[in-house]
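**Student:** Structure for the following, please:
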Amino acid sequence: MSLFALFYNFVLTIAYIVLIPYLLYKSRNKKYKDAIPAKFFLKNNPKFTSNGIWFHSCSMGEVRAIKPLIKEFEDKINISVITNTGFEEAKSISSNVRFLPFEIFLPFWITKQKVLVVMEAELWYMLFLFAKKRGAKTLLINARISDKSYKSYLRFRFFYKKIFANIDKVFAQSQIDKKRLEELGATNVEVIGNIKLAQLPVKKQSFEKPNGVIITAASTHESEEELVLNAYKKEFGKLIIVPRHPERFSKVDELIKDFIKNKELSYHKYSIKDDFLSDIVLVDKMGILNDIYEISDITILGGAFANIGGHNPIEPAFFGNVIISGKNIFNQKSLFECIKNYYLIENSELKEYLEKANTLLKPKLTKEGSFEPIIKEIKKWQ
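**Tutor:** Residues are numbered from 1 along each chain as shown. Below you'll find the predicted structure:
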């Protein structure tokens, strides 16, 4: 290793030792009981045994986005992820799935691979360095630098130059992203659009649409359900709430029960009754959001009323929903640029927009990305 790599690994090792008590404490949480031991202690997280095409994505949304790409090479693939939901999604594609270990373990955990394909902003120095040292060609796909993070990236330009020195090819979402990536040291950058648009959403089942307007509060986070409930009136239509994280289902259930006290509103959980006939329905089940979009008229898209960065608007747009979201869309700006007639509002404006939602035009997709250049590049090296 270079002196920089040795120093970098030393600093991470010190940080790791200091954080061990905290990691052990957090691993007691049901949400992290598999991920933390796997990533930080290598429990049930062995090296890949096959030399093939290694795909790395962070979470469920990113894994879903590259499913067609993975399936193109499905007999030769290895997949690594960061999150629990990403792990479960990847397991539906392949048995060769691992949590990506903390960087100090990567020098001896990484095995020889033909190609490493990394999705979006997973810029781990040791990942690219040792994948290259083991002989892999390295690709960064769907790369972008958001407006919000751009200045932060520039402050550490010296560090990102070292990361990009080990990346052979970058597929960027836009010309702006290409320019920013090159400023950070990226070379061999090609613009191919946003590949999250290369596969259009599909539904798994057909629900019967209740009469009237259906409003879906989708992928909501802490404080967003309360915001939606306080803006909601029965005359607006039926309200379906779909929290982003399953560990919050119970908390949101209690929140809704408190909200409907002394109000003439009916409510049930989807797990108790699998229909949408109540005034308010809590969807405490994963994997059916696209099916719900199909019967919805309005989507209140979460993650942007809180300071999360927003969520993917393509799916509700594809199913013809009016989309209302907050202004904190810094992680999804490129996707919002692919639809028309969406509404980014202040939190205080939600009730006003729900009142006039029936008069809003429905959004449409405007452009798509493509997997073809990436497939062509991988096939050169497999």
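
**Student:** Surely residue 243 is in contact with residue 218?
**Tutor:** No: under the criterion of C-beta atoms under 8 Å, residue 243 lies out of contact with residue 218, with a separation of 9.3 Å. To be clear about C-beta, it is placed using only N, CA and C from the backbone, and glycine gets the same treatment.

**Student:** Mind checking which of these two has more residues around it?
**Tutor:** When neighbours are counted by other C-beta atoms under 10 Å, residue 243 and residue 218 differ, and residue 218 comes out ahead with 28 against 24.

**Student:** So residue 241 lies in a strand, does it not?
**Tutor:** Yes: counting by DSSP: H, G, I helix; E, B strand; the rest coil, residue 241 is found in a strand.

**Student:** which non-adjacent residue is nearest it?
**Tutor:** Closest residue in space to residue 241, ignoring its immediate chain neighbours: residue 217 at 4.7 Å, by C-beta to C-beta, 6 or more residues apart in numbering.

**Student:** Just to check, that neighbour is in contact with residue 244?
**Tutor:** No: the pair residue 217 and residue 244 fails to qualify as a contact (C-beta under 8 Å) at a distance of 10.5 Å.

**Student:** Please enumerate the shared neighbours of the two.
**Tutor:** residue 302 (C-beta atoms under 8 Å, 6 or more residues apart in numbering).

**Student:** So these two - more neighbours on which side?
**Tutor:** The residue with more neighbours, out of residue 217 and residue 244, is residue 217; 29 against 18, by other C-beta under 10 Å.

**Student:** so what's the more buried one up against?
**Tutor:** With contacts taken as C-beta under 8 Å, 6+ apart, residue 217 has the following neighbours: 224, 225, 228, 239, 240, 241, 242, 299, 300, 302.

**Student:** Just list whatever residues bridge to it.
**Tutor:** As for beta bridges, residue 217 partners with residue 241, residue 300 under DSSP bridges.

**Student:** Could you measure from it over to residue 324?
**Tutor:** 10 Å (C-beta to C-beta, to the nearest Å).

**Student:** so what sits against both of those two?
**Tutor:** Taking C-beta under 8 Å, 6+ apart as the criterion, residue 217 and residue 324 both touch 299, 300.

**Student:** so residue 205 sits right up against residue 287, yeah?
**Tutor:** No: between residue 205 and residue 287 there is no contact, the gap being 10.0 Å when judged by C-beta under 8 Å.

**Student:** More neighbours: which of the two?
**Tutor:** Of the pair residue 205 and residue 287, residue 287 is the one with more neighbours under other C-beta under 10 Å, namely 12 against 9.

**Student:** That one: what secondary structure?
**Tutor:** Secondary structure assignment for residue 287 (three-state DSSP): coil.

**Student:** begin at 12 from here
**Tutor:** In the new count, where the first residue is 12, that last one comes out as residue 298.

**Student:** neighbours of the nearest residue to it once chain neighbours are set aside, just the number please.
**Tutor:** In space, residue 298 comes closest to residue 215 once its chain neighbours are excluded; the distance is 7.1 Å by C-beta to C-beta, 6+ apart. If you count neighbours by other C-beta under 10 Å, residue 215 ends up with 8.

**Student:** give me every residue that touches residue 77.
**Tutor:** Contacts here follow C-beta under 8 Å, 6+ apart; on that basis residue 77 touches 66, 68, 128, 130, 152, 206.

**Student:** Assumed the first one was part of a strand.
**Tutor:** Yes: the assignment for residue 66 (three-state DSSP) places it in a strand.

**Student:** In stretch 311-327, which residues are buried?
**Tutor:** Buried residues in stretch 311-327, counting neighbours by 16 or more other C-beta atoms under 10 Å, are found at 311-317, 319-327.

**Student:** Please flag which of these sit within helices.
**Tutor:** Secondary-structure check on these using DSSP state H: residues within helices are 325, 326, 327.

**Student:** gap between the nearest residue to the last one once chain neighbours are set aside and residue 252?
**Tutor:** To tie it back to what came earlier, the one meant is residue 327. Counting by C-beta to C-beta, 6+ apart, the nearest residue to residue 327 once its immediate chain neighbours are dropped is residue 310, at 3.9 Å. As for residue 310, its distance to residue 252 is 12 Å (criterion: C-beta to C-beta).

**Student:** Mutual contacts of the two, please.
**Tutor:** With contacts taken as C-beta under 8 Å, 6+ apart, residue 310 and residue 252 have 227, 228 as neighbours in common.

**Student:** Poorly predicted segments of this structure, please.
**Tutor:** Under the criterion pLDDT under 70, the flagged ranges of the chain are 369-379.
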